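# Below are the sequence and a predicted model; questions follow.
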Amino acid sequence: MRIALYLLLILSLPPAYAASIAVVVHKDNAIDSLTRKQVADIYMGRGTELRKHPDLLVLDYQGDPKLRERFYWALTGKSLAQINAYWARLSFSGQANAPHRLVDQAAVLQSIKRNADTLGFVDAANINDDVEVVLNLE
């Protein structure tokens, strides 16, 4: 009975949650690696990480809500609705600007290819030779 219950639980998980998410920069960027906390601070507009890298353009998505949800959940433990509300408050009060949103993963990879001071996240299956992985999120 337990085995059947475990199998049912595993089969009910969406397959999208099985793939890892890679936080990436241009292959010539000076950033070699980042911790989960550093990436969370960067994507939440707080901490010293953004001051360490003042020219860093942080990328997010307009579309692909499943990837965004997985990314922010893995990074912060917050839902996409909570992240959107957080950025709405900060943006409205003028405290910080949300990461720059592009259409999709291809646009993020293209932007990183053109600009060495860019950080983004993609499904690990989409990594190419133009980027370097600085953090993997499972």
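Arrived safely. Residues are numbered from 1 along each chain as shown.
# check contacts around the most centrally placed residue in the chain.
Nearest to the mean C-alpha position of the chain, by CA atoms, centre = their mean, lies Phe121 at 4.2 Å. Contact partners of Phe121, counting by CB atoms under 8 Å, 6 or more residues apart in numbering, are Ile21, Ala22, Val23, Val24, Leu59, Leu67, Phe71, Val108, Leu137. For the C-beta atoms, the positions are set from N, CA and C on the backbone; glycine is no exception.
# Setting aside sequence neighbours, what's the nearest residue to the fourth one?
This points to Val24. Nearest in space to Val24, with sequence neighbours left out and distances taken as CB to CB, 6 or more residues apart in numbering, is Val131 at 4.0 Å.
# Residues in contact with stretch 59-74: which ones?
If you take CB under 8 Å, 6+ apart as the criterion, stretch 59-74 is touched by 16-17, 21, 43, 78-80, 83, 98-105, 108, 111-112, 118-123, 137-138.
# for stretch 22-30, same thing?
Under CB under 8 Å, 6+ apart, the answer for stretch 22-30 is 31, 34, 39, 109, 112-113, 115-124, 127, 129-137.
# same question, stretch 127-136
20-27, 29, 31-36, 39, 109, 112-113, 119, 122, 124.
# Pull out the buried members of the residues you listed.
Applying a neighbour-count criterion of 16 or more other CB atoms under 10 Å, the buried members of the contacts of stretch 127-136 are 21-26, 29, 31, 34, 39, 109, 112, 119, 122.
# Tally up the residues packed near Leu59, please.
Taking other CB atoms under 10 Å as the criterion, the count of residues near Leu59 is 23.
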